[in-house]
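J.: the following block contains a protein sequence and its predicted model.
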Amino acid sequence: MTTADSGTIKSLVAHRPHHTTIRYTAVGPTDGPALVLIHGWACDRGDFDAVIGHLPDGHRVLAVDLAEHGESRSAREVWTMEEFARDVATVLEAEAVTTAVVAGHSLGAAVAVEVGRLLPGTVSHVIALDGLHYLSLFPAQREEQADALLSAFRGDFAAAVRGLVEGGSPAGTDPALADAYFEKMSAVRQPAGLRAMEGLVRWDMDAALRGTTQPITVFAIRDLVTQEAIDRYGNRLDIVLVDLGTHHFPVEAPEATAGLLAAVRS
C-alpha cells in the first residue's frame, strides 16, 4: 500500500471480507495527529475535499468512503452502523493509526460513535457534523415508528429522500442547492442505500453512548436543533450551535468547518 506524502492527496484502498473494498484518501505526514472524516448517508468522501484544503498543515487526514458509497464496493449483507465502523477501523489499521479524532457528518456521526466504541484506545474524540441530534433518526425508535419511516423509503424512495433534504434545509435555502443534494442522494447504490437507512433507524444511540467513553462534540445547525434534543442529550454531548448553511454545511462552508475541526483538535 502506498502512503501519502505531506501535502499530497492520494486515493488508497483497504480490503475487508465479502468482496469489500474501502476506498479512502489520505493527506499529511504519516506521523502527524490523525483526523478521520466520515461522510453522511448517500454521500461520499468528496464532500470533504474542500475542507481538507483548509485544515492546518502537519495532520494526517483520512477521508473514507463507506461500503457501497462513493468508490467503495461490497457484497455483504450487513448494513449496520457497527459494520460501517468496521470499514473505518480497517482503514485505521491499514494506516497504522494509534490515536485519532473521528468526525462524521449525519449518518457518519453514528458511525463515528461506533468507531469510538470499537476502538476506545485509539479514538480520543468524536465529532458530529449536524448529526446525533435528530430525534426521529438517531435514538432507537419504537417498532411502529421505525416501520412508518422505512415504509416511506420502500414505497417512494425519491419522495422520502426529498423529505430528508427539505428537513435539513433551513428557511431561505436556495432551491437549486436542495435539488443538487436530492439528485446526489437519490442515486445512492441499492440495495445498500435502503439497508443503510434501516440500519440507522434501528441503531440504539442511547446504548451506544453508554458504551462510548470519549468526549463527543456536536456542531449542529442552529435552525435544525430542537430544545427537546438539547434537553435530552445536553449532559452527554457538547452541542455547539452554528450558522453555516444547511445540514450539508461541510460542503457549503468548508473553511469554517475546517476551523471547527481544528479547534476541537487543539
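T.: In hand now; what should we look at? This is a predicted model, so every value here is computed, not measured.
J.: gap between the residue nearest to Val27 when sequence neighbours are not counted and Ile52?
T.: Spatially, and ignoring its direct neighbours in sequence, Val27 is nearest to Ile9 (4.5 Å; Cβ to Cβ, 6 or more residues apart in numbering). C-betas here are computed from N, CA, C, even on glycine. Relative to Ile52, Ile9 is positioned 7 Å away (Cβ to Cβ, to the nearest Å).
J.: next, count neighbours for the residue nearest to Val27.
T.: Ile9 is surrounded by 15 other residues when neighbours are defined as other Cβ atoms under 10 Å.
J.: please tell me how far it sits from Gly40.
T.: Spatial separation of Ile9 from Gly40 under the definition Cβ to Cβ is 21 Å.
J.: the strands in the stretch 101-250 of the chain, which residues?
T.: 123-129, 216-221, 238-242 (DSSP state E, counting those that start in this stretch).
J.: what's the most buried one of the ones you listed?
T.: For these, ranked by mean neighbour count under the definition mean count of other Cβ atoms under 10 Å, the leader is strand 123-129 at a mean of 25.
J.: partner strands of the helix or strand encompassing Leu35, with direction?
T.: Applying DSSP states H and E as the criterion places Leu35 in strand 34-38. Here strand 34-38 has these sheet partners by DSSP bridges: strand 60-64 (parallel), strand 100-105 (parallel).
J.: what kind of secondary structure is Val13 in?
T.: In three-state terms, and counting by DSSP: H, G, I helix; E, B strand; the rest coil, Val13 is strand.
J.: that one - how many residues pack around it?
T.: As a measure of burial, Val13 has 15 neighbours, counting by other Cβ under 10 Å.
J.: got it, and Glu82?
T.: Other residues within reach of Glu82 by the criterion other Cβ under 10 Å amount to 16.
J.: same question for the one 4 residues further on.
T.: Residues lying near Arg86 (other Cβ under 10 Å) number 19.
J.: distance of Glu71 from Asp204?
T.: Counting by Cβ to Cβ, the gap between Glu71 and Asp204 amounts to 30 Å.
J.: same check on Lys10?
T.: 37 Å.
J.: can you check Gly168 too?
T.: Relative to Asp204, Gly168 is positioned 23 Å away (criterion: Cβ to Cβ).
J.: more neighbours: which of those two?
T.: Of the pair Gly168 and Asp204, Gly168 is the one with more neighbours under other Cβ under 10 Å, namely 20 against 14.
J.: pLDDT value on the residue positioned nearest the centre of the chain, please?
T.: Taking Cα atoms, centre = their mean, the centroid of the chain lies closest to Gly108, which sits 1.7 Å from it. Confidence per residue is given as pLDDT, and for Gly108 that number is 98.
J.: heads up, I number from 12, so please use that
T.: Happy to do that; since the first residue is 12 now, the last one works out to Gly119.
J.: I'd say it and Gly142 touch.
T.: Yes. With contacts defined as Cβ atoms under 8 Å, Gly119 counts as touching Gly142 at a distance of 6.7 Å.
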